[in-house]
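# sequence and predicted structure are below.
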Amino acid sequence: MAKNLDHAYDEFLKLHEEEIVRAIPAFLSQLESTRFHYGRFVIPTFYKPHFLTPKQVQLIKRTAKTLGQVLNTATHLYFEDGHLAQMFRVHPDAARLIKIDPGYSESVIFSRYNSILEGESLKVLEFNCDSPVGAGYTDEIENLLMAQKPLEPFFNEFSLQRSSRSQDVLDSLLAAYEEFGGYETPNIGIVDWKNVRTQPEFEYLKAYFESKGYKTVIADPRELVFRGGKLSYKNMPLRLILRRVFFEELLERLDEVEDFIKAYEARAICMVNPLRSRLAGTKTIHAILTNPEYDHFFTENENQVKRECIPWTRRISDAQDFYGRNMTYLIDFLKDEKDSLVLKPLAGHGGKDVTIGCETRDEDWNAAIARAVKEDWAIQEYVHVPIMTVPAVINNKLDFAYKKYNFNMLVFGGKYSGAFSRLSDESVINVARKGGLIPSLAAEHVPERTTLGG
């Protein structure tokens, strides 16, 4: 069914080739004046959304809700169960930050599930629960794409469902703030280092929040001042913080952000995500959730969703335990099962150092094994990366390119809050690695036939 709608879109473009060949360059030119930038560069995109069928949306919503509960249960167990705390193996300096009570109940408010969606199979490869980016970017590109006149007949035919991911960000911020005990209208601070490449998305969210009546600033954590029980940025008091600065980077530069951390400890600010969300953002969480030893902490339904949607994952050190700490057996396993495995750092982001066995030469795989064993990386079951077609103009004619894609579910406040898909020629797909981004949109119905008349 998903392929029917996808194919119908491509057929629609072919039927209107002359108009589409003019529209695509104009669309790409329009991007220059938007905030759809990563640093100074426009994020690659295409004249097409990723289509979701009604059945896929049901699956996505069920998975988002259930795994949202699972992640919060697992992070709560860090504080309640000695064995799970040991599993996380948190450095003492990091543990001090994680233990700070944020003033509301949930450990994870904002998350992005980096996934593979093919047909009615959904596999979550990573949980980005520290500082998930993408809501503002996706709203920006979706608004531009849906405003394209040549595409109106197709979009109207299939009643594509729109959503405001940015509104869901704001709603989730305010819900956490209400539980925190906030009652006055808060000034919002979007906090990250100066000149990070995702600054354009912060500017989009700032404009959106202000359009809804909330004064908002983009602030470097080093420039925040905690005096008299209040945190401020350039004399503007801040009460509600959208944290975009990565946990690990804060940890590395604690001496530079003392006021920011003190305000958080004193509950002078409501910070979302809380620092304890980092527990759910490393590959360790996958190792816990795919280990039957811990199934008794979760409901039967949660365990079923875990088994269906999370690929087998282990920390290298856990695998060593499994093999009786015999390193030879572990290395033999990694070499013998190369084509079915992926090696990745526990706390990495941006796709950095992810090594896919079936796409890696033996000598490079062996080098990755040596590094993984030394640095205690994660081993994960390989999941096939699907391919989709995207339109392109070549020699003033409509053509189609094949791109690998992944599916990125935004889960805010425990519910599905829209999605986007990233595309690349590579299997490790990330905007930081020059991957493209398109909005994922649900259709109210899908075509019975795979053509659409003009």
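Structure received. Numbers count the residues shown, from 1 in each chain.

# alpha carbons only for contacts and neighbour counts from here, please
Will do.

# wait, doesn't residue 101 sit right on residue 265?
Yes - Residue 101 is in contact with residue 265 according to CA atoms under 8 Å; the separation is 7.5 Å.

# show me where the stretch 1-150 of the chain has its strands.
For the stretch 1-150 of the chain, the strands defined by DSSP state E, counting those that start in this stretch cover 37-38, 41-42, 50-52, 110-118, 121-128.

# so what strands line up beside the second one?
What it means is strand 41-42. strand 37-38 (antiparallel) (DSSP bridges).

# show the average pLDDT along the partner strand.
Strand 37-38 carries an average pLDDT of 94.

# can you list contacts of it?
Strand 37-38 is contacted by residues 43, 197-201, 431 when judged by CA atoms under 8 Å, 6 or more residues apart in numbering.

# shaky segments in this protein?
1-3, 82-83, 319-328, 348-351, 427-434, 445-454 (pLDDT under 70).

# show me how the record splits it into domains.
Here the domain parsing of the chain from automatic domain parsing is 2-283+386-443, 312-381.

# let's have these in JSON lines, adding mean neighbour count.
Formatted as JSON lines, these follow (neighbours: other CA atoms under 10 Å):
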{"stretch": "domain 2-283+386-443", "mean neighbour count": "19"}
{"stretch": "domain 312-381", "mean neighbour count": "17"}
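
# what sits up against stretch 141-150?
Contacts for stretch 141-150 (CA under 8 Å, 6+ apart): 19-20, 23, 27, 36, 47-48, 152, 155, 438-439.

# among the contacts of strand 37-38, which ones are in helices?
Mapping the contacts of strand 37-38 onto helices (DSSP state H) picks out 199-201.

# closest to residue 179 out of the residues you listed?
Among those, residue 201 lies closest to residue 179 (CA to CA), at 26.6 Å.

# isn't that closest one right up against residue 34?
No - with contact defined as CA under 8 Å, residue 201 does not count as touching residue 34 (10.2 Å).

# tell me who's in contact with residue 399.
With CA under 8 Å, 6+ apart, residue 399 has these contacts: 391-393.

# any chance of those residues in TSV with secondary structure and distance to residue 139 as columns?
Output for these, formatted as TSV (DSSP: H, G, I helix; E, B strand; the rest coil; distance: CA to CA, whole Å):
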residue	secondary structure	distance to residue 139
391	strand	21
392	strand	22
393	strand	25
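
# CSV for these, including distance to residue 277?
Shown next, in CSV, are these (distance: CA to CA, whole Å):
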residue, distance to residue 277
391, 39
392, 40
393, 43
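
# about what we covered before: so which of the domains of the chain comes closest to residue 305?
domain 2-283+386-443 (6.7 Å).

# dump the ones in helices among the contacts of strand 37-38 to a markdown table, plus distance to residue 417.
As requested, the ones in helices among the contacts of strand 37-38 are arranged in a markdown table below (distance: CA to CA, whole Å):
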| residue | distance to residue 417 |
| --- | --- |
| 199 | 22 |
| 200 | 21 |
| 201 | 17 |
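
# let me know the closest of those to residue 181.
After measuring these against residue 181 - CA to CA - the closest member comes out as residue 201, at 28.2 Å.

# and that closest one, what is it in contact with?
35-37, 134, 136-137.

# and if we set it to 6 Å?
136-137 (CA atoms under 6 Å, 6 or more residues apart in numbering).

# what are the ranges of the helices in the stretch 351-454 of the chain?
362-375 (DSSP state H, counting those that start in this stretch).

# need the longest helix for the protein.
From DSSP H, the single longest helix across the chain is helix 54-80.

# which strands and helices lie in contact with that helix?
strand 415-424 (3 or more CA pairs under 6 Å, 6 or more residues apart in numbering; DSSP states H and E).

# ok and the strand it packs on relative to helix 54-80, angle-wise?
110 degrees (axes from the mean of the first three to the mean of the last three CA atoms, to 10 degrees).

# from the chain's centre, how far out does strand 415-424 sit?
Between the centre of strand 415-424 and the centre of its chain there are 8 Å (CA atoms, centre = their mean, to the nearest Å).

# helices or strands up against that strand?
Applying 3+ CA pairs under 6 Å, 6+ apart, one finds that strand 415-424 makes contact with helix 54-80, strand 397-412, strand 436-443.

# now with 7 Å?
In terms of contacts (3 or more CA pairs under 7 Å, 6 or more residues apart in numbering; DSSP states H and E), strand 415-424 is packed against helix 54-80, helix 165-180, strand 397-412, strand 436-443.

# spatially speaking, which residue is in the middle of the protein?
Against the mean C-alpha coordinate of the chain, by CA atoms, centre = their mean, the closest residue is residue 112 at 3.1 Å.

# so that one bridges to which residues?
Counting by DSSP bridges, residue 112 is bridged to residue 128, residue 410.

# and the closest residue to residue 216 other than its chain neighbours, backbone torsions?
Excluding the flanking residues, the one nearest residue 216 by CA to CA, 6 or more residues apart in numbering is residue 188, at 4.6 Å. Here is the backbone geometry of residue 188 (degrees, to the nearest 10): phi -110, psi 130.

# thought residue 111 was touching residue 128?
Yes - between residue 111 and residue 128 there is a contact under CA atoms under 7 Å: 5.5 Å.

# ok so, going back, farthest pair within the contacts of stretch 141-150?
Largest separation among those by CA to CA: 19 and 36, giving 24.2 Å.

# just to revisit the earlier point, which residues does the residue nearest to residue 216 contact?
Counting by CA atoms under 7 Å, 6 or more residues apart in numbering, residue 188 makes contact with 214-217, 238-241.

# repeat that for 6 Å
216, 240-241.

# could you dump stretch 50-64 to CSV, C-alpha only?
Extracted C-alpha coordinates of stretch 50-64, given in CSV (Å, rounded to 0.1, in the frame of the first residue of the first chain):
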residue,chain,number,x,y,z
HIS,A,50,7.8,10.2,2.5
PHE,A,51,4.3,8.7,2.5
LEU,A,52,2.9,6.8,5.5
THR,A,53,-0.2,4.5,5.2
PRO,A,54,-2.9,4.4,7.8
LYS,A,55,-1.7,1.0,9.0
GLN,A,56,1.9,2.3,9.4
VAL,A,57,0.6,5.2,11.4
GLN,A,58,-1.2,2.9,13.7
LEU,A,59,2.0,0.8,14.2
ILE,A,60,4.0,4.0,14.7
LYS,A,61,1.6,5.5,17.3
ARG,A,62,1.4,2.2,19.2
THR,A,63,5.2,1.8,19.2
ALA,A,64,5.8,5.4,20.2
